[in-house]
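Undergrad: Have a look at this fold, sequence not included:
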Ligand SMILES: C[S@@+](CC[C@H](N)C(=O)[O-])C[C@H]1O[C@@H](n2cnc3c(N)ncnc32)[C@H](O)[C@@H]1O
């Protein structure tokens, strides 16, 4: 344990040294602490130091707790989720003032909840960093609760976590007992949790509320460090495309294409998605009133299980698509694209390439494994290792070759550049 604590000390010196040098605020529990513990542009070694601090601290905690306290500490996880759901449901995030404190009794009256329950729930949540009690019997925002209260995308993420992801995870065992070898998307934990027999995206499209929350969740995922859109910009030499054409397959509201178009003035983009998603695209671009986007991004309704009708594009981008789909479905999606590829076309798959177990820092690996679990529970799909990716490509067309794999620092995903080897 002493060795670990010395390692933490050394990494904290790197982290604090960077903050002192640049004036970036050191992390604190203050309401004003920045949303990102480090700015994206901090040097790689400082980002690595941060990941090591989290991993070693987690190791240290587990060692100090010991086997006898494993279960006791495990209980905190599901109670944190239950408290988050309660605090969202009774609008506590919105009712606590942004810059001031409020007494539990006033807050309970405003929220129309029992004061004793409010105290219990809030005080449990506080042990995870949500809200603070600055003086006895008063509650105020912490930086984390303020973020959820003021940023609608993070609020949507919190809602999706409580109302969709957690019940789905809880239904996993029942689903696997009922359908031990299911591969399709309609025999999943999600189907058990929500008691229906349609796939996830169809289910979303039937509920405007879920659909909106999921879109907000995707936007906040895009803004969080591991899946930040900047990694897409860093993961490929976009400038070399000139005024080429990028087809953003399953591009949702077009966040990837928008980020690329803002940074690179030449390429044009077609965002393809299911009809109900693509429908709002043009109005969305207009609403952004950004001259860099004008006339460069179009939206198309396209089912990626049908033949790709944009022939010979420079790039077919599949960002966070194939991890939703099991082996055979992924093969079908790619075959439709391969049939449309020209000599210089390439497919860019941006998805996780899983490390071997224990090979990455635990703070990183456990978040990758969360993604793997979520894919299994929602889609009977998975996150993939490099060998898994190679097996898919081989099945699609043996001429497909991975030319390059880039995992930008801090990204949970890699960008795989895939070309069709010419005979
Ligand atoms: C996880 S999101 C990824 C969105 C986007 N590529 C990004 O990086 O933000 C998956 C997208 O696939 C779309 N999708 C699902 N099934 C589809 C289908 N059969 N054809 C086209 N798009 C589909 C969904 O509507 C959703 O927008």
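TA: Right, received. Where do you want to start? Note that the coordinates shown come from a computational prediction; the quantities given were computed from them, not determined experimentally.

Undergrad: make it CA atoms for all contacts and neighbour counts henceforth
TA: OK.

Undergrad: residues near residue 217, how many?
TA: Look at residue 217: counted by other C-alpha atoms under 10 Å, it has 22 neighbours.

Undergrad: Could you list the contact residues of the chain toward the ligand?
TA: 250-252, 255-256, 273-274, 302-305, 319-321 (C-alpha under 6 Å from any ligand atom).

Undergrad: Could you tell me which of those count as buried?
TA: Applying 16 or more other C-alpha atoms under 10 Å to those, the neighbour count classes 250, 251, 252, 255, 256, 273, 274, 302, 304, 319, 320, 321 as buried.

Undergrad: Cross those residues against helices and list the overlap.
TA: Judged by DSSP state H, those include 255, 256 as members of helices.

Undergrad: which residue ranges form the strands in the stretch 151-300 of the chain?
TA: According to DSSP state E, counting those that start in this stretch, the stretch 151-300 of the chain carries its strands in the segments 245-249, 268-273, 297-301.

Undergrad: List the contacts of the second one.
TA: It stands for strand 268-273. With contacts defined as C-alpha atoms under 8 Å, 6 or more residues apart in numbering, strand 268-273 is touched by 243-254, 257, 261, 278, 296-304.

Undergrad: And the helices in the stretch 51-200 of the chain?
TA: 70-89, 92-95, 104-111, 115-126, 143-150, 152-160, 166-170, 172-178, 189-194, 200-205 (DSSP state H, counting those that start in this stretch).

Undergrad: What is the neighbour count of whichever residue of the stretch 1-150 of the chain sits closest to the ligand?
TA: Closest residue of the stretch 1-150 of the chain to the ligand, C-alpha to the nearest ligand atom: residue 40 (19.1 Å). Neighbours of residue 40 under the rule other C-alpha under 10 Å: 14.

Undergrad: contact partners of stretch 291-307?
TA: Residues contacting stretch 291-307 (C-alpha under 8 Å, 6+ apart): 249-250, 257-258, 261-262, 265, 267-279, 281-282, 285-286, 332-333, 336-337, 339-340.

Undergrad: Pull the most distant pair out of the residues of the chain next to the ligand.
TA: Pairwise distances among the residues of the chain next to the ligand were taken by C-alpha to C-alpha; the largest, 21.9 Å, belongs to 255 and 305.

Undergrad: Buried members of the contacts of strand 268-273 into PyMOL, please.
TA: A single PyMOL command selects the buried members of these (16+ other C-alpha under 10 Å):
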select buried, resi 245+246+247+248+249+250+251+252+253+254+257+261+278+296+297+298+299+300+302+304
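
Undergrad: List the buried residues in stretch 314-334.
TA: Those would be 314-327, 329-334, for stretch 314-334 by 16+ other C-alpha under 10 Å.

Undergrad: meant to ask about stretch 173-180, not that
TA: Result for stretch 173-180 [16+ other C-alpha under 10 Å]: buried residues 175, 176.

Undergrad: How about stretch 225-243?
TA: Buried, per 16+ other C-alpha under 10 Å, within stretch 225-243: 225, 226, 227, 228, 229, 230, 231, 232, 233, 235, 236, 238.

Undergrad: isn't the third one right next to residue 219, touching?
TA: This points to residue 227. No - between residue 227 and residue 219 there is no contact under C-alpha atoms under 8 Å: 10.2 Å.

Undergrad: For the closest residue to residue 16 other than its chain neighbours, grab phi and psi.
TA: Residue nearest to residue 16 in three dimensions, not counting chain neighbours: residue 26, with 6.6 Å by C-alpha to C-alpha, 6 or more residues apart in numbering. Backbone torsions for residue 26, taken as degrees, to the nearest 10, come to phi -70, psi 150.

Undergrad: quick one: contacts for residue 26?
TA: Residue 26 neighbours (C-alpha under 8 Å, 6+ apart): 16, 19, 33, 37.

Undergrad: Run through the residues that contact residue 279.
TA: 299, 300, 301.

Undergrad: Which elements pack onto the helix or strand of the chain with the lowest mean pLDDT?
TA: Within the chain, no helix or strand scores below helix 208-223, which has a mean of 79 by mean pLDDT, DSSP states H and E. For helix 208-223, the contact count by 3 or more C-alpha pairs under 8 Å, 6 or more residues apart in numbering; DSSP states H and E identifies helix 152-160, helix 200-205 as packing neighbours.

Undergrad: give me the number of residues near the nearest residue to residue 357 once chain neighbours are set aside?
TA: By the measure of C-alpha to C-alpha, 6+ apart, the closest residue to residue 357 outside its immediate chain neighbours is residue 365, 8.0 Å from it. If you count neighbours by other C-alpha under 10 Å, residue 365 ends up with 18.

Undergrad: Quickly find the element holding residue 365.
TA: In the assignment (DSSP states H and E), residue 365 maps to helix 362-379.

Undergrad: helices or strands next to that helix in the packing?
TA: Short answer (3+ C-alpha pairs under 8 Å, 6+ apart): helix 362-379 packs on helix 44-65, helix 166-170, helix 189-194.

Undergrad: Run through the neighbouring helices and strands of the helix or strand just after it.
TA: Of the helices and strands lying after helix 362-379 in sequence (DSSP H and E), the nearest is helix 386-396. Counting contacts by 3+ C-alpha pairs under 8 Å, 6+ apart, helix 386-396 is packed against helix 327-338, strand 400-406.
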